[in-house]
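Prediction below, plus the sequence it came from.
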Number of protein chains: 2
Amino acid sequence: MPPNPQRSSPPEGELHPLEQAVALALQGSDWRAVNVVIAVSGGADSVALLRAICRLRPLGPGDGGLIAAHYNHRLRGDEAEADARWTAETCGRLGVPCELGAAATAPASADEAAARVARHRFLLQAAHKHGARLIAAGHTRDDQAETVLHRALRGAGVAGLAGIPARRELAPGVSLVRPLLSVSRQEVESYLALLEQLYRTDATNAQPCYTRNRLRHEALPLLRSIVGPGVDGALLRLAQHASNQHAVLSDAASAWRRLAASRVGQQWRIDRRQLAGLPEPVLCEVCRQCWRAAGWPQQGMTEAHWRRLTAALTADDCEAFDLPGAINVRLVDGALVLAPTK
Amino acid sequence: MPPNPQRSSPPEGELHPLEQAVALALQGSDWRAVNVVIAVSGGADSVALLRAICRLRPLGPGDGGLIAAHYNHRLRGDEAEADARWTAETCGRLGVPCELGAAATAPASADEAAARVARHRFLLQAAHKHGARLIAAGHTRDDQAETVLHRALRGAGVAGLAGIPARRELAPGVSLVRPLLSVSRQEVESYLALLEQLYRTDATNAQPCYTRNRLRHEALPLLRSIVGPGVDGALLRLAQHASNQHAVLSDAASAWRRLAASRVGQQWRIDRRQLAGLPEPVLCEVCRQCWRAAGWPQQGMTEAHWRRLTAALTADDCEAFDLPGAINVRLVDGALVLAPTK
C-alpha cells in the first residue's frame, strides 16, 4: 500500500508531543478504566484535547468510554448555536457521543463566576448521567499564566497564586482534570494544523471576561517584550512555588484545626487557647478550612472579612458580628463560635 | 507678624501626610537617639526623605545626628558629577553634613547587582565613620510594586515575592530602613512641590536596570488601565501575604534546622533521618538557612541548584557534587555534609 501523502495524523505508536503531554498528565488517573466527560467548547484548546484523548484511548487497556459535553452560555446568539451544531457534528465524526446543554435564558450581563458555576453544573449532570468519574477541560499553559498574572494583580494571597489546579474534585467521586496545563496555545494550534482539524473561533470576542482578553492580547505580549519570552514559564513556576508553600501552610492548619476546632451540628466551636501564639497565616487558614468544611458560601468573603474573622481568634474581647453567607461569629466562654444566623 | 503668603512648608506641629508616614515607619526604631545616614541620590524620593527627616528630627527628644551620603556610580559622566555637587549643596543648606563617594572607575556595563553592592559598601563605610546605627533609603511604594511585579515575572519563589523589606540588617548593628515604602511617587512629588524643593532628574534615563524602567513607564500604566488603579495596592498586598507566609515557613524550617543540622567549623552536617517526610519547601528553606548562616555566597545559586541540594536530602543515593560558591555536597553515613571545596 503506498504511503498516504496527505497524512493527517502521526503514524501508529509515534505520539505527538501534545499527545505525550496529555498521556503524562492523565497517568495514574485510571482514566482508561472509567468514563470520561470532555468539555468541548469548539475552540482550539478543547478540540485539541478531544483529538488527543481520542487518539490515546485505544492505545491502552480498559473499557471506559468518552463523552463530549458542550454548554451554550447564550451570550452570543446565533453564533453560539452554530458552535453547538459544529461541536456535535465534529464529535459525531470522531465517534464520540455529545451532550448539549444551554442556559435557560440569555444572562443579563457577562458574569464570569456565574457562567462557570452554570457550566460546572451542566458538566456534573453529564458526568452523573454517564457514570463518569473524570471531566477533562482544555485549559492550557497560556490560561494558567494569564490566571496567575490576573490574580497577582488583584492582590490574591499565596493560595490564589497557585492558579488553576491540574485536578480538583467537583463532587464526591467526580474530578475535573486539565491535561493541557503544560501545553502552550501555540502548540495546540500547530497540533490542530498537523491534523488538519478545524475549530471554532470566537469572532465576536465577547468572552465573559474582558479583562482576561486584554491581559492575553496586550499585557502579556508587552511583558514578554520587556522581561523576555520566559515570562509565561516564570508565572507557572510562581504558581508551583505558591502551591507547594500553600500545601505546607494547609497541612499545619489542618493539624491545628483537628486539635482546636470541633463541629457540632451546623456550628463550629474553636478553642482559642489551643491556637495561642500561632502566626496569622496559620490562624486564617484554620478559619478558611472550617468554613469550607461546613460548606458555607465563600463568594462574599473578601480579604477584609477573613482578616476580621482571624482577628477574632486572638482579640482580648470581641462583639458578636455577622459575615457574608449569613454566618454569625461570637465568643462563648473564650471559644470562638461560628454558626449560621438562621 | 503677617502670615507668610508663600508658605513653603506646613506650619509647626501640622505634619504633612508624607512626614506622618515617615514618622510612623521610623516609630520604635529609636532613630532620634542614634546617628542616621540618609542615602541621597538627589532624585525626588531621596530628597523628600531627607526633607521629611530634617523636619521630624527636632520634634522629639534624643541627640542623634543626621548624615547624608551620596554615591556616584560613574555611569553618567558629567551629569553624575553635577548631581553630587547639587546634593552636597542642598544638604549644606539644610545643615546636614554630606559624605560623597564614587566608584574608582566607570563600570564596563550597567550591572544592577554590582552597583547595589558597591553602594551598600559605601553607605556602610559612612555609617561606621559616623557611628550610625541606621541607614535610611528612599524606596517608595512604586518601587515596591515594580519589584514585586518584576520578581513575579522572573519566577521568584514566595520569599522573593515578599519584595523590598522595610528593615534589614546590613552589618552587625547597622540596619537599612525604608521609611517611604507606603508612600507613592506621586505623593513624593506633591510634597516636594509644596516645599518648593527642587530635585535632580536622571535626564539620560541611563538607570542601571533598563527592564525596571520599561516596567515602570510601559507595563504598569497598561496594567492599571486593564485591571484598574488598584494594581499597585494589589502587588503590595501580595508582597505582604508572601512575607507573612514565608515567615511561617521560615520559623518551621528554623526549628527543624536546630534539630537536624549541626555546624562543625566550616561545614554543615544535616541528619537526613530527622527530616524524613517533611515537605519540599520546608527542606529547601532548611538548606537556604544553613547556607546563609555559613555566609556562603548566594548569587550563583539558581532555583535549579537549590532544588538539587534539597533533593539530596531525600535521595536514596547521591553522588558528591559541587555547587556555585565552591561548596561540596556529599553523603556521609546517611548525613548530608556541605563544606567548602578548599
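Thanks, I have it.

what comes up buried for whichever strand or helix holds residue A:192?
Here residue A:192, judged by DSSP states H and E, is contained in helix A:185-195. Neighbour-count burial for helix A:185-195, counted by 16 or more other C-beta atoms under 10 Å in any protein chain shown, picks out A:185, A:187, A:188, A:191, A:192, A:195. (Glycine included, C-beta is placed from N, CA and C.)

Out of these, which comes closest to chain B?
Chain B lies nearest to residue A:185 out of the buried residues of helix A:185-195, by C-beta to the nearest C-beta, at 18.7 Å.

Please state the offset of the helix holding residue A:192 from the chain centre?
Averaging C-alpha positions (C-alpha atoms, centre = their mean, to the nearest Å) puts helix A:185-195 23 Å from its chain's average.

what's it packed up against?
helix A:17-26, helix A:44-56 (3 or more C-beta pairs under 8 Å, 6 or more residues apart in numbering or on different chains; DSSP states H and E).

can you put the ones you listed in a markdown table and add mean neighbour count and distance to residue B:32?
Shown next, in a markdown table, are the helices and strands packed on helix A:185-195 (neighbours: other C-beta atoms under 10 Å in any protein chain shown; distance: least, C-beta to C-beta, whole Å):
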| stretch | mean neighbour count | distance to residue B:32 |
| --- | --- | --- |
| helix A:17-26 | 18 | 60 |
| helix A:44-56 | 23 | 61 |
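
Let's have the ones you listed in JSON lines, adding distance to chain B.
Listed next are those as JSON lines, based on distance: least, C-beta to the nearest C-beta, whole Å:
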{"stretch": "helix A:17-26", "distance to chain B": "20"}
{"stretch": "helix A:44-56", "distance to chain B": "22"}
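
Excluding chain neighbours, what is closest to whatever residue of the stretch 201-342 of chain A ends up closest to chain B?
The stretch 201-342 of chain A approaches chain B most closely through residue A:234 (3.3 Å), counting by C-beta to the nearest C-beta. Nearest residue to residue A:234, sequence neighbours excluded (C-beta to C-beta, 6 or more residues apart in numbering or on different chains): residue B:155, at 3.3 Å.

For the one you found, which residues are in contact?
A:230, A:233, A:234, A:235, A:237, A:238, B:303 (C-beta atoms under 8 Å, 6 or more residues apart in numbering or on different chains).

Now do the contacts for residue A:289.
Taking C-beta under 8 Å, 6+ apart as the criterion, residue A:289 is in contact with A:250, A:253, A:254, A:257.

Help me confirm that it is found in a helix?
Yes: under DSSP: H, G, I helix; E, B strand; the rest coil, residue A:289 sits within a helix.

What distance do you get for it to residue B:215?
37 Å (C-beta to C-beta, to the nearest Å).

got the residues of the stretch 201-342 of chain A near chain B?
Neighbours of chain B within the stretch 201-342 of chain A, by C-beta under 8 Å from any C-beta of the partner chain: A:211, A:214-215, A:218-219, A:222-223, A:226-227, A:230-231, A:233-235, A:237-238, A:241-242, A:244-249, A:251-252, A:279-282, A:303.

could you redo the last one with a cut-off of 7 Å?
By C-beta under 7 Å from any C-beta of the partner chain, the residues of the stretch 201-342 of chain A that approach chain B are A:211, A:214-215, A:218-219, A:222-223, A:226-227, A:231, A:233-235, A:237-238, A:241-242, A:244-245, A:247-249, A:279-282.

Just checking the distance from the lowest-mean-pLDDT helix or strand in chain A to the centre of its chain.
Ranked by mean pLDDT, DSSP states H and E, the helix or strand of chain A with the weakest confidence is helix A:158-161, at a mean of 82. What separates the centre of helix A:158-161 from the centre of its chain is 13 Å, taken as C-alpha atoms, centre = their mean.

Tell me the first helix or strand C-terminal of it.
Once the chain leaves helix A:158-161, the next helix or strand it forms, by DSSP H and E, is strand A:167-171.

I'd like to know the average pLDDT value across that next one.
Here strand A:167-171 scores 90 as its mean pLDDT.

what does stretch A:21-36 give?
Stretch A:21-36 comes out at a mean pLDDT of 92.

residues making contact with it?
A:15, A:49, A:52-53, A:56-57, A:60-62, A:64-67, A:130-134, A:136, A:166, A:177, A:179-183 (C-beta atoms under 7 Å, 6 or more residues apart in numbering or on different chains).

Of these, just the buried ones, PyMOL syntax please.
To isolate the buried members of the contacts of stretch A:21-36 in PyMOL, using 16+ other C-beta under 10 Å:
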select buried, chain A and resi 15+49+52+53+56+57+64+66+67+130+132+133+134+136+166+177+179+180+181+182+183
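
What are the phi and psi values at the residue lying closest to residue A:137 once chain neighbours are set aside?
Nearest residue to residue A:137, sequence neighbours excluded (C-beta to C-beta, 6+ apart): residue A:39, at 4.6 Å. Here is the backbone geometry of residue A:39 (degrees, to the nearest 10): phi -80, psi 120.

Can you name the residues that contact residue A:39?
A:46, A:69, A:123, A:135, A:136, A:137.

can you list the domains in chain A?
Per automatic domain parsing, the domain ranges recorded for chain A read A:17-229, A:249-340.

Please identify the most buried of those.
Each of those was scored by mean neighbour count; the highest is domain A:17-229, a mean of 18, by mean count of other C-beta atoms under 10 Å in any protein chain shown.

what about residue A:107, which helix or strand?
Counting by DSSP H and E, residue A:107 is found in no helix or strand.

do you know how far it is from chain B?
23 Å (C-beta to the nearest C-beta, to the nearest Å).

what's the most distant pair in the contacts of residue B:155?
The most widely separated members of the contacts of residue B:155, counting by C-beta to C-beta, are A:235 and B:303 (14.1 Å).

which residues make contact with stretch A:253-260 from outside it?
A:270, A:271, A:274, A:275, A:278, A:282, A:285, A:286, A:289, A:290.

Now do the contacts for the fourth one.
This means residue A:275. A:256, A:260, A:283, A:286, A:313.

Please spell out the segments of chain A that come in under the pLDDT threshold.
A:1-13, A:108-110, A:203-209 (pLDDT under 70).

Looking at it, which helix is longest?
Taking DSSP state H as the criterion, chain A has its longest helix at helix A:231-260.

Would you mind getting the angle between it and helix B:231-260?
Using axes from the mean of the first three to the mean of the last three C-alpha atoms, to 10 degrees, the direction of helix A:231-260 lies 60 degrees away from that of helix B:231-260.
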